[in-house]
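Visitor: Sequence isn't available, so here's the structure alone:
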């Protein structure tokens with residue numbers, strides 16, 4: 001799907017520094033101070049338009065959430081949602097996940113969400129996948145010991161690759177399913193993509209694993 005460019009996205013993001021963290025590396029090791037609550041911090045990589053992040057934050061005021069997104073034309077839509085319905089326990093960062101260790105210190109993140117990341121299906125793009133060994137090492141550098149990663153995708157090839165990679169890298173799979181929405185324990189909060197896929201009858205593949 002072609003990304004629709006929002007020409008003034010950068011200006012819109014700059015208008016809300018209380019939500020958009022413009023220089024996140026300055027908070028490295030001090031994210032709990034920024035929220036000022038002492039609550040656990042969860043991170044979603046690739047928030048899209050923000051539906052999952054904001055609804056999950058609404059349901060869990062006892063947890064603080066950070067959402068990152070690479071594309072300014074996408075994260076600006078998430079920002080609009082947060083401006084219209086503020087959540088004190090949410091902050092947003094416009095950044096690439098490659099830079100995670102420069103933004104977060106070891107142990108700062110209590111749980112990580114990977115929801116419908118780009119599968120990068122071509123073999124020569126494998127290192128760009130958010131569950132490649134390179135990215136798994138980055139998560140290991142910021143998550144607390146034993147922290148979970150929750151992964152969802154509609155792409156079976158990406159699911160199979162992820163399952164193989166996390167085992168090869170020595171991480172532990174806690175839960176796995178080939179049809180997430182058929183499980184009685186599944187999370188009712190859906191992303192925009194997830195709602196579309198489920199409506200088309202597409203099974204959602206899920207892996208929970210820990211570092």
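Guide: Received it, and whenever you're ready, just let me know what you need. Computed from a predicted model, the values in this text were never measured in an experiment.

Visitor: In the chain, mark out all the helices, start to finish.
Guide: 9-14, 31-35, 51-59, 72-84, 100-103, 133-140, 156-168, 192-199 (DSSP state H).

Visitor: what is the mean pLDDT for the fourth one?
Guide: Model confidence over helix 72-84 averages 88 on the pLDDT scale.

Visitor: List the buried residues for stretch 28-45?
Guide: Buried positions in stretch 28-45, judged by neighbour count with 16 or more other CB atoms under 10 Å: 31, 35, 39, 40, 41, 42, 43, 44, 45. C-betas here are computed from N, CA, C, even on glycine.

Visitor: Quick one: end-to-end length of it, please.
Guide: Using CA to CA, to the nearest Å, one end of stretch 28-45 lies 17 Å from the other.

Visitor: what sits up against it?
Guide: 21, 27, 52-53, 62-68, 89, 91, 97, 102-105, 108-115, 117, 130, 142 (CB atoms under 8 Å, 6 or more residues apart in numbering).

Visitor: how about a cut-off of 6 Å?
Guide: 27, 53, 62-68, 97, 103, 105, 108-114 (CB atoms under 6 Å, 6 or more residues apart in numbering).

Visitor: try stretch 174-183
Guide: With CB under 6 Å, 6+ apart, stretch 174-183 has contacts from 186, 198, 203, 204, 205, 206, 207, 208, 209.

Visitor: Among these, which one lies nearest to residue 172?
Guide: residue 209 (6.0 Å; CB to CB).

Visitor: show me what contacts the closest one?
Guide: Per CB under 6 Å, 6+ apart, neighbours of residue 209: 149, 166, 171, 173, 174.

Visitor: picking up where we left off before, least confident of the helices of the chain, on average?
Guide: Looking at the helices of the chain, the bottom one is helix 9-14 with a mean of 74.

Visitor: Could you dump the helices of the chain into CSV and include distance to residue 125?
Guide: Formatted as CSV, the helices of the chain follow (distance: least, CB to CB, whole Å):
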stretch, distance to residue 125
helix 9-14, 25
helix 31-35, 31
helix 51-59, 25
helix 72-84, 20
helix 100-103, 19
helix 133-140, 12
helix 156-168, 11
helix 192-199, 19
